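In: Task: produce atomic coordinates for the following.
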Amino acid sequence: MKPQQQGYQKNFSLIIAFFVLISVTLVVALIIVYNLTQRYVENEFASKKIDVLEQTLKPYNDLYLNKVYEITSYQGFLDSASAGKYSATVFKDYPFVKRTVFYDVRIGNELVEPGSKKYRLGISVKSIYEYTLNKQKRLTGTRMPDVEDINFRQMAAKFSYYIANADTSRAPNPDEIYKTFYDIKPDKVSYLNIPRRQEIKAYRNLQQTGQTSSFYKQNMMTFYLDPYALHVANPHPELYQQISIKPVVYDPLDNNDNKQQYVTELAFPGAFSDYKLYFMASTNYLQGEINRRFMPTGAIVFLIYFVLVFIGWLIYRNLSTNLKIFKLQYDFINNFTHEFKTPVSVIKIAGSNLRSEAELTERQRKHYGRILDEEADRLNDLMNKLLSFTQIENRSINIKRKEVNIEEFVKGFIETFRIKYPDFKTDYKIEGVDKFYTDPVLLGSIFQNLIENAYKYSHPQHKELFISVIHEKRDIVFTFIDKGIGIPKSEIKNIFKKFYRIENKYNQNGSVGLGLAFCKELVNFMNGDITVKSELNQGSEFTVTLPYEI
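Out: Sure thing, here's the model as predicted:
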């Protein structure tokens with residue numbers, strides 16, 4: 001048996017090693033997943049700021065691409081009143097526009113500096129108006145303000161150059177429009193309406209001929225912007241705890257608070273190029289997002305771990321079951337072989353003596369004949385028990401019910417065992433029942449095995465058994481109470497298993513582990529139940545409950 005136990009220990013050690021391995025793998029996997037999640041969140045913190053910039057600049061881009069271009073639809077005939085209405089819609093829809101300046105432009109052949117002396121195209125301003133949210137002011141008087149004068153002269157110079165070099169056979173392309181009719185400076189955007197092709201041809205004619213002609217109207221508008229009035233949109237609040245607009249030159253002092261924060265920045269384009277978006281999140285804030293994203297992945301890792309643990313447990317259980325089955329089969333073969341070997345040996349010895357040449361007395365022949373008969377009965381009983389067990393398990397036999405006189409039935413078994421075992425003290429008590437219908441052969445097998453066990457597993461000085469038969473409602477209850485060695489509590493759940501034996505000094509020879517299992521199958525086959533109560537060195541009480549039928 002020692003080699004078998006060592007093999008079991010090796011298998012158990014292998015299972016333990018498997019659990020340790022997958023547990024270490026789990027820890028390593030969780031660390032790797034957590035680090036990857038942390039790195040992914042930190043990368044997103046640095047990259048998702050583009051989304052914030054796009055969302056924040058949406059109104060500015062709409063102003064730049066759509067609203068500003070509406071000025072061209074007036075074809076140069078925008079006046080102070082309509083410019084005021086236009087500016088009012090701009091202030092309403094784009095709060096970051098704080099004021100606008102409207103230029104009522106005239107184009108002729110009079111030279112105005114800066115202009116194009118070569119082509120003698122004159123660009124001048126008739127009037128300038130400044131608009132704020134609730135106010136309109138005319139700026140032109142004795143002289144144009146310096147800032148507005150510079151702004152106007154720069155746009156006039158670009159326009160003159162374009163007229164001199166434009167291809168009048170086609171409309172201006174987007175690149176020409178951007179370079180000529182837009183002027184983007186920090187905190188402001190200027191726009192000159194785009195003339196039609198026939199107007200461009202007329203301007204070219206003025207440059208080339210220098211002839212006096214009527215003046216043409218153009219409109220120019222400058223939008224002054226306040227970047228701090230932009231609404232900062234934060235589509236990723238899980239990443240950015242705080243977003244603010246700062247000057248490009250802003251650089252906070254490096255202190256302990258900054259070391260406990262994640263910080264990144266992104267500069268504005270165009271008219272807001274002197275400013276940037278400043279992103280900040282505390283370590284604890286971003287740690288919460290890391291943990292939130294880690295939890296589902298960690299849960300999946302744990303799920304895989306538990307699946308592997310479950311598989312390992314199934315393997316371990318299968319190994320344990322197989323080892324137990326192997327042990328039961330091994331014990332069964334050993335015990336069954338022993339059970340067969342003893343009567344076969346006795347039969348062989350008796351047969352040899354009968355065949356010997358020596359003359360035998362009548363008494364000797366009868367003695368050997370009795371031995372042969374008893375051992376043959378023993379072999380037959382063993383084979384019948386195994387065969388009956390198999391038949392009952394397969395439900396291949398039928399219950400043959402007959403009327404049984406309880407007192408005669410019990411007394412018959414007691415008398416038989418008193419003769420067989422003279423030192424066996426037996427007694428019985430019957431209450432409330434005389435007869436009932438059952439299969440006497442099957443019931444007799446139950447009595448045979450339980451009484452035999454009571455004698456076999458009792459101390460020599462306490463071989464006692466009391467049988468009680470009671471009628472309870474619709475059942476008849478048989479109780480077998482002995483004063484034997486008892487059954488350990490840990491073994492009670494196993495004693496009705498086939499081929500299972502409790503290791504003790506009374507169970508070394510002559511047991512194959514079928515007796516109680518056979519009783520259990522018989523009782524179940526008869527639609528009854530069998531239970532046991534036991535205490536070590538105090539005795540056992542087997543209770544068989546069968547349906548009462550009359």
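In: pretty sure Ile15 belongs to a helix, no?
Out: Yes. Counting by DSSP: H, G, I helix; E, B strand; the rest coil, Ile15 is located in a helix.
In: For it, which residues are in contact?
Out: Listed by C-beta atoms under 8 Å, 6 or more residues apart in numbering, the contact partners of Ile15 are Gly312, Ile315, Tyr316, Leu319. Bear in mind the C-beta positions are built from the backbone N, C-alpha and C, glycine included.
In: In which helix or strand does the first one reside?
Out: The secondary structure element spanning Gly312 is helix 283-355 (assigned by DSSP states H and E).
In: for that helix, packing partners?
Out: Contacts defined by 3 or more C-beta pairs under 8 Å, 6 or more residues apart in numbering; DSSP states H and E place helix 283-355 against helix 2-47, strand 261-267, helix 362-393.
In: mind redoing it with 10 Å?
Out: helix 2-47, strand 261-267, strand 275-282, helix 362-393 (3 or more C-beta pairs under 10 Å, 6 or more residues apart in numbering; DSSP states H and E).
In: Okay, angle between that helix and strand 261-267 too, please.
Out: 120 degrees (axes from the mean of the first three to the mean of the last three C-alpha atoms, to 10 degrees).
In: Now do helix 283-355 against helix 2-47: the angle between them, please.
Out: Going by the same axes, to 10 degrees, helix 283-355 makes 160 degrees with helix 2-47.
In: distance between helix 283-355 and the chain's centre?
Out: Centroid separation for helix 283-355 versus its chain: 29 Å, with C-alpha atoms, centre = their mean, to the nearest Å.
In: Which parts of stretch 537-546 count as buried, going by neighbours?
Out: For stretch 537-546, the neighbour count (16 or more other C-beta atoms under 10 Å) marks Gly539, Ser540, Glu541, Phe542, Val544, Thr545, Leu546 as buried.
In: again with stretch 458-467
Out: Across stretch 458-467, burial judged by 16+ other C-beta under 10 Å covers Ser458, Lys463, Glu464, Leu465, Phe466, Ile467.
In: Equivalent analysis for stretch 411-422, please.
Out: Applying 16+ other C-beta under 10 Å to stretch 411-422 flags Phe413, Ile414, Phe417 as buried.
In: what's the spacing between the second one and Tyr64?
Out: Yep, that's Ile414 we're talking about. Between Ile414 and Tyr64 the distance is 113 Å, computed by C-beta to C-beta, to the nearest Å.
In: Just give me the neighbour total for the residue nearest to Lys276 when sequence neighbours are not counted.
Out: Nearest non-adjacent residue to Lys276, counting by C-beta to C-beta, 6 or more residues apart in numbering: Ala267, 4.5 Å away. Ala267: 12 surrounding residues under other C-beta atoms under 10 Å.
In: if I pick Ala267, what's in contact with it?
Out: Neighbouring residues of Ala267 by C-beta atoms under 10 Å, 6 or more residues apart in numbering: Leu53, Val248, Ser273, Asp274, Tyr275, Lys276, Leu277.
In: And the helices in the stretch 101-250 of the chain, which stretches?
Out: Taking DSSP state H, counting those that start in this stretch as the test, the helices found in the stretch 101-250 of the chain are 146-165, 174-181, 197-209.
In: out of those, nearest to Thr37?
Out: Nearest to Thr37 among those is helix 174-181; the distance by C-beta to C-beta comes to 44.0 Å.
In: Which strands or helices does the closest one pack on?
Out: Contacts defined by 3+ C-beta pairs under 10 Å, 6+ apart place helix 174-181 against helix 146-165, strand 188-192.
In: and these, which one's lowest on average pLDDT?
Out: The weakest mean pLDDT among the helices and strands packed on helix 174-181 belongs to helix 146-165, with a mean of 84.
In: Give me the packing partners of that helix, helices and strands only.
Out: Applying 3+ C-beta pairs under 10 Å, 6+ apart, we find helix 146-165 packed against strand 97-108, strand 122-132, helix 174-181, strand 182-185, strand 188-192, helix 197-209, strand 216-225.
In: Tabulate those in JSON lines, adding columns for distance to Lys498 and mean neighbour count.
Out: JSON lines is the format used below for the helices and strands packed on helix 146-165 (distance: least, C-beta to C-beta, whole Å; neighbours: other C-beta atoms under 10 Å):
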{"stretch": "strand 97-108", "distance to Lys498": "93", "mean neighbour count": "22"}
{"stretch": "strand 122-132", "distance to Lys498": "101", "mean neighbour count": "19"}
{"stretch": "helix 174-181", "distance to Lys498": "92", "mean neighbour count": "14"}
{"stretch": "strand 182-185", "distance to Lys498": "94", "mean neighbour count": "16"}
{"stretch": "strand 188-192", "distance to Lys498": "95", "mean neighbour count": "22"}
{"stretch": "helix 197-209", "distance to Lys498": "106", "mean neighbour count": "16"}
{"stretch": "strand 216-225", "distance to Lys498": "92", "mean neighbour count": "21"}
